[in-house]
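Novice: just a sequence and a predicted model for now, questions to come.
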Amino acid sequence: MNATILSENKKHFPVLLKEIISIISPQYGGTFLDCTFGQGGYSKRILEFKNTKVIAVDRDKDTLKVAKGIEKKYPSRFKFYNKKFSEISQIKSADKLRCIIFDLGYSLYQINDNTKGLSFNSTGKLNMSMGLNTFSAHDVIHNLDLIDLVRIFKYFGEDKEAKIVAKKIITLRKKKNIKNEDLKDIIESSKKKYFKKNKSTKIFQSIRMFVNKEISELIKGLVAASKLLEPGGMIIVVSFHSLEDRIVKFFFNDLSSDKNLSRYLPKRENTKKIFQVDKKRPILPSQSEVEINPASRSAKLRFALKLRDIDDYEKKFKEKFKFLLDIENISKKL
Ligand SMILES: C[S@@+](CC[C@H](N)C(=O)[O-])C[C@H]1O[C@@H](n2cnc3c(N)ncnc32)[C@H](O)[C@@H]1O
């Protein structure tokens, strides 16, 4: 790895680790699918329990180095795939999966890697790819027209100054190649009000979501996970912003309700729930976790137990979030 590491944050803390371990109880053994391996925080902890196996997935090939170290330590209990979690149905496991875990977003390691350009403190060429991407933030900023940029900033970033920022981008890109530092300057000069958060966070988030197709990844990942699991298995998701949480909440609540299933299921199955969700409210990090790791402050954990199989849910799920998927489809113009 020849990443330039930005100096701001150094130590990686797996978010809500204690809570996750208490929910999945690895002391009883079993096979776990970690869909967002990162620095291996969850995988390593699970493997400390005897009779566990972990299959791990991450789209970022830079996570391979950590994965290889774990593979060496647990050759028969750990397997890593450099894949997107929308592709987990391609993974064949001889063992029944006890639990599938998603810890969404990016890791501290990624945000501190200047070449990835995920931080508003990054410098140089725009990128924002987490891995296995087909286009970068550079392509987005230099090729999309005003209306499309505004839609991305407004709906993925929920940013009030979306139009001003997009206009400034169009003007500047006629004169020069826009780099990370230029984008940060444009955003900061467009903001009138004082915001507690860094002024650039929301626009950067919106471009990152667009470049990595995070909405469709999440929808496809959840559907694939619900098919891979056998009844009795569990899905756990840690999300970090409201759009992600809205998708996860809808998925679990809709499939754990007695209603809404009639269009897609045979009559005899109408009233049967697919998931059991015990806690309607998400689990949040404790005050002490937020103090040690401020990045955990926006984390929300939701989990559900699979009760039975379902077919054909993806269509309904995609219809529900069509307005977001339509924005993602702007990328077809690139
Ligand atoms: C928050 S970090 C996970 C940290 C991990 N739980 C740990 O404790 O080390 C999220 C990771 O998920 C990966 N990721 C994000 N979206 C993904 C996707 N669609 N498919 C596969 N990996 C993804 C990122 O590359 C990043 O490494």
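Specialist: Yes, it's here.
Novice: please see if stretch 213-221 touches the ligand.
Specialist: Yes. Contact of stretch 213-221 with the ligand (C-beta under 6 Å from any ligand atom) involves Glu217. Glycine gets a C-beta too; all of them are placed from N, C-alpha and C.
Novice: how about the helix or strand Val66 falls within as CSV, C-alpha atoms only?
Specialist: For Val66, the element it lies in under DSSP states H and E is helix 64-73. Taking Å, rounded to 0.1, in the frame of the first residue of the first chain, the C-alpha atoms of helix 64-73 are listed here in CSV:
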residue,chain,number,x,y,z
LEU,A,64,-6.2,-7.4,1.0
LYS,A,65,-3.0,-6.8,3.1
VAL,A,66,-5.0,-7.1,6.4
ALA,A,67,-7.0,-10.0,4.9
LYS,A,68,-3.9,-11.9,4.0
GLY,A,69,-2.6,-11.6,7.6
ILE,A,70,-5.8,-13.0,9.0
GLU,A,71,-5.8,-15.8,6.4
LYS,A,72,-2.3,-16.8,7.5
LYS,A,73,-3.4,-16.9,11.1
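Novice: what helices or strands is it leaning on?
Specialist: Applying 3 or more C-beta pairs under 8 Å, 6 or more residues apart in numbering; DSSP states H and E, one finds that helix 64-73 contacts helix 41-47, strand 78-81.
Novice: and the contacts of the first one?
Specialist: So that's helix 41-47. Outside helix 41-47, the residues within contact range by C-beta atoms under 8 Å, 6 or more residues apart in numbering are 12-14, 17, 20-21, 24, 26, 32, 34, 37, 52, 54, 56, 70, 73-74, 77-78, 101, 103.
Novice: filter these to the buried ones?
Specialist: Buried subset of those (neighbour count, 16 or more other C-beta atoms under 10 Å): 12-14, 17, 20-21, 24, 26, 32, 34, 37, 52, 54, 56, 70, 74, 77-78, 101, 103.
Novice: pull the contacting residues for the closest residue in space to Ser129 that isn't next to it in sequence.
Specialist: Take Ser129 and drop its neighbours on the chain: the residue closest to it by C-beta to C-beta, 6 or more residues apart in numbering is Ser136, 5.3 Å away. The contact partners of Ser136, by C-beta under 8 Å, 6+ apart, come to Leu126, Asn127, Met128, Ser129, Val211.
Novice: fine, thanks again, bye for now.
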